[in-house]
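*Asks:* Provided below are the primary sequence and the corresponding predicted coordinates.
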Amino acid sequence: MAAVSLLQEHPTPPRPRSGRGSRATSVGAPATTTSSRPCWPRRAPPRPRRERNEPRDGERLLRREDPALLTGEAKYVGDLAVPGALHVALVRSPFAHARIRSVDTAAAAALPGVVAVFTGADLQDEWANPMPCAWPVTDDMKSPAHLPVAVDKACYAGDAVAVIVAESSYQAEDAAAAVVVDYDPLPAVVDLETRCPTGWSSTTPAARTGPTRGS
């Protein structure tokens, strides 16, 4: 009866004048908000006009330094002629793990333009300290002594074992090729599964010690 009396009092409910209004489907239902605005999305605003030769996202950029590099007009560090400057070349180990039996530098030192030849043993007492660890992972991590030039053992492929100082880079490279190093190859560890024993985990104390040059 409440619905009948409500319809008798308001037979034609007035339409809302604003863009929003409330409408109830029944007396007990909550009012819902309606709008006279279109339900489809508005058109996106136009993109700003792209200047000529301005790259879009994902397009290749026009490199400005390429012409000088491709035509040979650019200068590199090796092209700079500094009066009195000397050049250095390093003799590096081809083995990932090897004991250094001997280093023969006599032939290299006799080549023209060679100023000095140094081995790891020659420079061992010249270093102030071993190379530091830039980022100790834990407070109790042990960092083994690592010299810039290996003395008795090469611990990775490319480890320096001798230093050549010459008047030109070409003479330094020729002298480096003349150095004779007697290596005793040792087993190399190339993955974590081989390095870590069975049952190893990150909480094992040995996991924080790290490899040493004597291992």
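*Replies:* Sure thing, it's come through. Numbers count the residues shown, from 1 in each chain.

*Asks:* where does pLDDT dip in the chain?
*Replies:* 1-4, 6-7, 10-42, 44, 47-56, 194-215 (pLDDT under 70).

*Asks:* next up, the contacts around residue 101.
*Replies:* 182, 183, 184 (C-beta atoms under 8 Å, 6 or more residues apart in numbering). C-betas here are computed from N, CA, C, even on glycine.

*Asks:* could you redo the last one with a cut-off of 6 Å?
*Replies:* Applying C-beta atoms under 6 Å, 6 or more residues apart in numbering to residue 101 gives the contacts 182, 184.

*Asks:* pull out the buried residues from the helix or strand where it lies.
*Replies:* If you go by DSSP states H and E, residue 101 is part of strand 98-104. Under the neighbour-count criterion of 16 or more other C-beta atoms under 10 Å, strand 98-104 has 98, 100, 103 buried.

*Asks:* cool, and stretch 166-184?
*Replies:* 166, 171, 172, 174, 175, 176, 178, 179, 181, 183.

*Asks:* now the end-to-end length of that stretch.
*Replies:* Start-to-end span of stretch 166-184 (C-alpha to C-alpha, to the nearest Å) is 29 Å.

*Asks:* just say helix, strand or coil for the closest residue to residue 99 other than its chain neighbours.
*Replies:* Nearest in space to residue 99, with sequence neighbours left out and distances taken as C-beta to C-beta, 6 or more residues apart in numbering, is residue 184 at 4.1 Å. What DSSP: H, G, I helix; E, B strand; the rest coil gives for residue 184 is strand.

*Asks:* still on that earlier bit, between the buried residues of strand 98-104, which sits nearest residue 132?
*Replies:* residue 100 (23.4 Å; C-beta to C-beta).

*Asks:* bridge partners for that closest one, pull those for me.
*Replies:* Beta-bridge pairing for residue 100 (DSSP bridges): residue 183.

*Asks:* please begin residue numbering at 46 from this point
*Replies:* With 46 as the first residue, the last one maps to residue 145.

*Asks:* and it, how close does it get to residue 157?
*Replies:* 27 Å (C-beta to C-beta, to the nearest Å).

*Asks:* quick one, what contacts residue 226?
*Replies:* 148, 206.

*Asks:* that one belongs to a strand, doesn't it?
*Replies:* Yes: counting by three-state DSSP, one finds residue 226 located in a strand.

*Asks:* how close does it get to residue 220?
*Replies:* 13 Å.

*Asks:* over to residue 168?
*Replies:* Taken as C-beta to C-beta, the span from residue 168 to residue 220 is 17 Å.

*Asks:* what about the strands in this protein?
*Replies:* 65-68, 77-80, 132-137, 143-149, 159-164, 198-199, 205-211, 225-230 (DSSP state E).

*Asks:* returning to that earlier point: dump the residue contacts of the residue nearest to residue 144.
*Replies:* Residue 229 neighbours (C-beta under 6 Å, 6+ apart): 143, 144, 146.

*Asks:* my guess is residue 204 contacts residue 138. True?
*Replies:* Yes: applying C-beta atoms under 6 Å, one finds residue 204 in contact with residue 138, separated by 4.6 Å.

*Asks:* picking that back up, now the two most distant members of the buried residues of stretch 211-229.
*Replies:* The widest separation within the buried residues of stretch 211-229 (C-beta to C-beta) is 25.0 Å, between 216 and 228.
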